[in-house]
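[1] Quick one, structure for this:
(one chain, ligands or ions: 2)
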Amino acid sequence: MADRPPLVVTCGEPAGIGPEVIAKARLAAPDIPFVVIGNPDHFQGLGCPVDVVETPVSASQHGLSVLAHDIPGPRVPGRPDPAQAAGVISAIARAVDLAQTGAASGICTAPIHKKALKDGAGFAYPGHTEYLSALGGDADVVMMLACPDLRVVPATIHIALSEVPRALTPDILETCLRVTHAGLRRDFGIAAPRIAVAGLNPHAGEGGTMGTEELTWITALVARLAPELGCFGPLPADTMFHAGARAGYDAAVCMYHDQALIPIKTIDFAGGVNVTLGLPFIRTSPDHGTAFDIAGRGMADPTSMVAALRMAWDMVGRRQGLALV
Ligand SMILES: NC(=O)c1ccc[n+]([C@@H]2O[C@H](COP(=O)([O-])OP(=O)(O)OC[C@H]3O[C@@H](n4cnc5c(N)ncnc54)[C@H](O)[C@@H]3O)[C@@H](O)[C@H]2O)c1
Ligand SMILES: N[C@H](C(=O)O)[C@H](O)COP(=O)(O)O
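    Numbering: from 1, shown residues only. Ligands and ions are numbered 1, 2, ... in the order given. Got it, this is the predicted structure:
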C-alpha cells in the first residue's frame with residue numbers, strides 16, 4: 001500500500017477498558033499504523049512504551065504514540081471523572097479534523113460512556129454515531145456491526161423501544177438501505193449486495209394479525225427498492241440469523257438496536273466491529289463498551305479493537321485502490 005497517514009485512535013472513556021485494549025492492540029498488530037489522542041499519562045503502565053508525538057506521521061508502530069490532549073486528572077479504572085468528559089468529547093472532534101484534513105487516514109474510536117459524557121459535559125448526542133454524523137456535515141450514516149459471519153445495520157439506533165414504531169419511517173428505512181448498499185459496495189467490495197430486511201413485528205406481522213407496518217408500507221418499500229438495492233423481506237427476525245439463513249445475504253437491515261445487535265454480539269462478541277457507513281471519513285470502533293466491571297484488572301480482550309483497527313486500515317487500502325483505478 002502506498003504511504004498513507006496512520007489511523008487516529010481516540011482514547012474514549014479513560015476509566016474504561018479503552019486504554020488497556022489500545023495498548024494491547026498496539027502490541028498485537030504492529031503492522032497497523034496509528035496514533036492515539038489522549039492524556040499520555042493514562043497509557044502508562046499498560047505494558048507498552050509510550051511516546052508523545054506532535055503529528056500523526058511521527059507515530060511509531062512499536063510503542064504507543066500519543067497526541068497529547070487535555071483530559072485532566074488521573075485515570076481511575078471504573079470511576080469516570082466528570083472533569084474529563086469535555087476532553088473525551090473534544091478528542092473525537094480533533095480526530096475528525098485530522099481525518100478530514102488528510103493528516104490521518106481514518107478514525108478508530110475507543111469506547112465512551114454515554115451517560116458520563118452527558119453528566120460531565122452535557123454531551124448532546126446519544127453516541128459516537130450521531131456526533132460523528134454532525135461533525136461530518138450531518139451526513140446520512142448507518143451504524144453497521146460486522147464480524148466474519150454477519151453484518152447487521154439497525155435502522156433506528158439509540159432511542160427507547162417505545163419510540164421505534166414512530167421513528168421508523170419509510171424515509172428512514174430507504175436511507176438506511178441506500179447507505180448500507182453503497183457501503184457494502186465501496187468498503188466491502190461486494191458488487192451486487194444482498195440485503196435481508198427484518199420485519200418490525202413478531203413473525204413479520206403474521207399477515208397483519210401481530211402488527212400492520214409490514215402490510216401498510218414495509219413490504220412495498222422493500223419490493224420497490226429490490227431491483228436497485230438487492231433487498232428482500234421483510235423476514236421474521238427470529239429465523240433470519242441462523243447459519244443457513246445468513247448464507248443468503250451480505251447484510252441484515254433490522255428495525256431497532258437490539259434486534260440487530262443481539263445476534264451479532266451472540267455470534268462473535270470478541271470479533272465484532274462497529275463501522276459507521278456514510279461518513280466523509282473512515283470510522284470504526286470495537287463492538288464493546290467501557291466495561292467498568294473489569295477496567296484496570298488486565299482482563300480486557302483486545303480482539304475487537306484489533307479487528308476495528310484492521311477493518312479501518314483495510315478500508316483505507318480498498319479506497320486507495322479504488323482511487324487509483
Ligand atoms: N463503541 C462504544 O463507544 C460503545 C459500545 C458499546 C457500549 N458503549 C457504552 O459503554 C457503557 C457500558 O456498556 P455495557 O455495559 O452495555 O457494555 P460493555 O460492552 O461495556 O460490557 C458488557 C459486558 O461485556 C464485558 N466486556 C466488554 N468488553 C470486553 C472486553 N473487551 N473484554 C472482556 N470483557 C468485555 C464487560 O465486562 C461486561 O461484563 C455504556 O455507556 C454504553 O453506552 C460504548
Ligand atoms: N450501539 C453500539 C453498541 O451497543 O455496540 C454502541 O453504543 C456504539 O455506539 P456509538 O459508536 O454510536 O457510540
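[2] And the strands in the stretch 51-200 of the chain?
    Here the stretch 51-200 of the chain has its strands, by DSSP state E, counting those that start in this stretch, at 64-68, 107-109, 142-147, 150-154, 195-198.
[3] would TSV of the ones you listed with mean neighbour count, mean pLDDT and distance to I22 be doable?
    All C-beta spots, glycine's among them, are computed from the backbone N, C-alpha and C. Formatted as TSV, the strands of the stretch 51-200 of the chain follow (neighbours: other CB atoms under 10 Å; pLDDT from 0 to 100; distance: least, CB to CB, whole Å):
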stretch	mean neighbour count	mean pLDDT	distance to I22
strand 64-68	23	96	7
strand 107-109	28	98	9
strand 142-147	24	98	20
strand 150-154	24	98	25
strand 195-198	27	98	33
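[4] could you dump those strands to CSV with distance to ligand 2?
    Below are these laid out as CSV (distance: least, CB to the nearest ligand atom, whole Å):
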stretch, distance to ligand 2
strand 64-68, 21
strand 107-109, 7
strand 142-147, 6
strand 150-154, 8
strand 195-198, 17
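[5] Contact residues of the chain facing ligand 1?
    Listed as neighbours of ligand 1 in the chain under the rule CB under 6 Å from any ligand atom: 17, 21, 111-115, 128, 274, 285, 288-291, 293-294, 300-301, 304.
[6] Among those, name the ones in helices.
    V21, K114, K115, H128, S304 (DSSP state H).
[7] The first one reaches G298, doesn't it?
    So that's V21. No: taking contacts as CB atoms under 8 Å, V21 lies outside contact range of G298: 11.1 Å.
[8] quick one, which of those two is more surrounded?
    Between V21 and G298, counting by other CB atoms under 10 Å, V21 is the more crowded of the two (26 against 11).
[9] Show me which of the ones in helices among the residues of the chain next to ligand 1 are buried.
    V21, K114, H128, S304 (16 or more other CB atoms under 10 Å).
[10] just the residues you listed now: which is nearest G120?
    K114 (10.9 Å; CB to CB).
[11] what's the neighbour count on the closest residue to the closest one other than its chain neighbours?
    Residue nearest to K114 in three dimensions, not counting chain neighbours: G127, with 5.7 Å by CB to CB, 6 or more residues apart in numbering. By other CB under 10 Å, the residues close to G127 number 18.
[12] separation between the closest residue in space to G278 that isn't next to it in sequence and ligand 1?
    Spatial nearest neighbour of G278, excluding adjacent residues (CB to CB, 6+ apart): V141 at 3.8 Å. The gap separating V141 from ligand 1 is 14 Å, by CB to the nearest ligand atom, to the nearest Å.
[13] So, low pLDDT: which residues of the stretch 201-325 of the chain?
    322-325 (pLDDT under 70).
[14] Alongside ligand 2, which residues does it contribute?
    L261, N274, S285, D287.
[15] can you tell me which of those are in strands?
    Mapping these onto strands (DSSP state E) picks out N274, S285.
[16] Neighbour-wise, give me the winner out of the residues of the stretch 201-325 of the chain next to ligand 2.
    S285 leads those on contacts (other CB under 10 Å) with 30 neighbours.
[17] how much space between that one and R310?
    13 Å (CB to CB, to the nearest Å).
[18] Remind me which helix or strand W313 belongs to.
    helix 303-324 (DSSP states H and E).
[19] quick one, helices of the stretch 1-150 of the chain?
    18-28, 85-100, 114-121, 128-135 (DSSP state H, counting those that start in this stretch).
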